[in-house]
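> coords please:
(4 chains)
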Protein chains: 2
Amino acid sequence: MARLKAFDEGRALDVAVDCFWMRGYEATSVRDLADAMGIGGTSLYNAYGDKRALFARSLERYAERSMRDRIARLEAAHKPKEAIAAFIAEIIDRSLKDPDRKGCMLVNSALDVAPHDAEIGKVVRGYLDEIRGFFQRNIEAARKAGQVPRRVDPEEMSGHLLGVVAGIRVLARTGAKRRLLEGVARPALRLLEATR
Amino acid sequence: MARLKAFDEGRALDVAVDCFWMRGYEATSVRDLADAMGIGGTSLYNAYGDKRALFARSLERYAERSMRDRIARLEAAHKPKEAIAAFIAEIIDRSLKDPDRKGCMLVNSALDVAPHDAEIGKVVRGYLDEIRGFFQRNIEAARKAGQVPRRVDPEEMSGHLLGVVAGIRVLARTGAKRRLLEGVARPALRLLEATR
DNA sequence: AGAATTCTGTAGCGTGCGATACAAAATGGC
DNA sequence: GCCATTTTGTATCGCACGCTACAGAATTCT
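Okay, the predicted model is just below:
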């Protein structure tokens, strides 16, 4: 019927994710994007709409690949309390291993673009609440199984853990060392252990 | 000797702080700044140098007025443990009261500009470490006074509190409600209380 | 008053931005 | 083989960006 696309939309989108992830929305130009994705500007607009639409799709892609996949994998592989600890440990490891110090695209977006774009702000809030939901779900399960003290309130504690994760992402982006990041997390995890 | 400045450099700088605080570095144009400050572009360059220099001075001003002043005031008015609780309570209140949801300029800068500007990154890290220092200092004092459990490690716990504050600032910028923000903070403060 | 110095407004520099017009190239259906 | 349709590269568009040249206004010193 018509000419075929000469590039893989999904792969190019992954590249766009990296660009927005590293530099943020404003600081990433359409030309930067097109060059990195290996396509022309026309193809970019043809395939994804405008810059904002591409950002929205990138954010969605990030949430799917870097958040939901991780949550699903950890919940499948670990018992509830261990899933929480593994989530935080993995985030610290990834933050330290990434030479670009990109942090978390959701956290970056929460500060960068959410305040100036109500629609994207709502989306970001939804994604962050999915993370909180992961924590709450697993706290509840662990508490029912007697692996977490009864005095721990799942809703409150899930918010605490979400805040801790966001804080870790912020500090990691400024080049914090492992010692500091683990120090941020450890007291929170200790609250899930039985009190001596 | 020469013509006098027709504007107050300090007051204008405060306006610049608000602009950068709300919109970030990239998204704030020199024209936006000059208009808001009530001066011409030439006067801005004459008085502050270029945009980056104005940002650096704004960040410094913010740290002085919104961080060091608060720390000094709270340490003068409260005993160590209460100073910590008051610091966090004040941040939550201010975050919720601000209709612009500006959050914390240090945290915003840590994500926005620090990763792309080593020098400013270093400055931001220094300011954040001043906050951590406030926490550590007061934890140590409270612990010596027997108001905080001996098992609390001041260095680790100060990092935890810094992370919690950063997390609160992130979530506040996305429009989080008081219930969530206080839920983030409460488990951390509970660690400073004696365990039943 | 006049000289010296600094500040201020206008006007514009070159550059990069997001986005698009247009024609050539490539594909599948008939 | 030709038509309809979509993709692609080139070549911009108008605009806003950070920044500056320049001349006139304002101030102090002599």
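> for chain A, which segments are assigned as helices?
A:9-23, A:30-37, A:41-48, A:51-62, A:69-77, A:80-97, A:105-112, A:118-144, A:154-173, A:178-190 (DSSP state H).
> dump these into TSV; add mean pLDDT, distance to B:M157 and mean neighbour count as well.
C-beta here means a position set from N, CA and C on the backbone, and glycine is covered the same way. Converted to TSV, these look like this (pLDDT from 0 to 100; distance: least, Cβ to Cβ, whole Å; neighbours: other Cβ atoms under 10 Å in any protein chain shown):
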stretch	mean pLDDT	distance to B:M157	mean neighbour count
helix A:9-23	97	31	19
helix A:30-37	98	42	16
helix A:41-48	97	46	15
helix A:51-62	98	32	19
helix A:69-77	98	27	14
helix A:80-97	98	17	18
helix A:105-112	96	23	26
helix A:118-144	97	21	19
helix A:154-173	98	13	26
helix A:178-190	98	6	19
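> got the ones you listed as a markdown table, with distance to B:V107 columns?
Listed next are the helices of chain A as a markdown table, based on distance: least, Cβ to Cβ, whole Å:
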| stretch | distance to B:V107 |
| --- | --- |
| helix A:9-23 | 18 |
| helix A:30-37 | 26 |
| helix A:41-48 | 31 |
| helix A:51-62 | 20 |
| helix A:69-77 | 24 |
| helix A:80-97 | 16 |
| helix A:105-112 | 7 |
| helix A:118-144 | 15 |
| helix A:154-173 | 6 |
| helix A:178-190 | 14 |
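> B:V15: which of these is closest?
Among these, helix A:105-112 comes nearest to B:V15, with 21.4 Å by Cβ to Cβ.
> wait, does that closest one contact chain B?
Yes - judged by Cβ under 8 Å from any Cβ of the partner chain, helix A:105-112 and chain B are in contact via A:V107, A:N108, A:A110, A:L111, A:D112.
> now the helices of chain A in CSV, with distance to DNA strand C?
Formatted as CSV, these follow (distance: least, Cβ to the nearest atom of the strand, whole Å):
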stretch, distance to DNA strand C
helix A:9-23, 10
helix A:30-37, 4
helix A:41-48, 4
helix A:51-62, 3
helix A:69-77, 29
helix A:80-97, 27
helix A:105-112, 13
helix A:118-144, 14
helix A:154-173, 22
helix A:178-190, 32
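> which one, of the ones you listed, ends up nearest to DNA strand D?
Set against DNA strand D and scored by Cβ to the nearest atom of the strand, those come closest in helix A:41-48, at 3.3 Å.
> the closest one and DNA strand D in contact?
Yes - on the criterion Cβ under 7 Å from any atom of the strand, helix A:41-48 is in touch with DNA strand D at A:G41, A:T42, A:S43, A:N46, A:A47.
> contacts for that helix next, please.
Contacts with helix A:41-48, where a contact means Cβ atoms under 8 Å, 6 or more residues apart in numbering or on different chains, come from A:5-7, A:9, A:12-13, A:16, A:30-31, A:33-34, A:37, A:39, A:54, A:57.
> got it, and stretch A:84-94?
A:70-71, A:74, A:77-78, A:104, A:134-135, A:138-139, A:142, A:161, A:164-165, A:168-169, A:172, A:178, A:181-182, A:185, A:188-189, A:192.
> now with 6 Å, please.
A:L74, A:H78, A:N138, A:L181, A:A185, A:L189 (Cβ atoms under 6 Å, 6 or more residues apart in numbering or on different chains).
> restrict stretch A:134-150 to CA atoms and write it as CSV.
C-alpha atoms of stretch A:134-150 as CSV (Å, rounded to 0.1, in the frame of the first residue of the first chain):
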residue,chain,number,x,y,z
PHE,A,134,3.8,-2.0,45.3
PHE,A,135,5.1,-1.1,48.8
GLN,A,136,1.7,-1.1,50.4
ARG,A,137,0.7,-4.4,48.9
ASN,A,138,3.8,-6.1,50.0
ILE,A,139,3.8,-4.6,53.5
GLU,A,140,0.2,-5.8,53.9
ALA,A,141,1.1,-9.3,52.8
ALA,A,142,4.2,-9.4,55.0
ARG,A,143,2.3,-8.1,57.9
LYS,A,144,-0.4,-10.8,57.5
ALA,A,145,2.4,-13.4,57.4
GLY,A,146,3.8,-12.0,60.6
GLN,A,147,7.1,-10.9,59.0
VAL,A,148,6.5,-7.3,59.8
PRO,A,149,5.6,-5.8,63.1
ARG,A,150,1.8,-5.2,63.6
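> hmm, that stretch touching chain B?
No - shown here: stretch A:134-150 not in contact with chain B (Cβ under 6 Å from any Cβ of the partner chain), separated by at least 10.5 Å.
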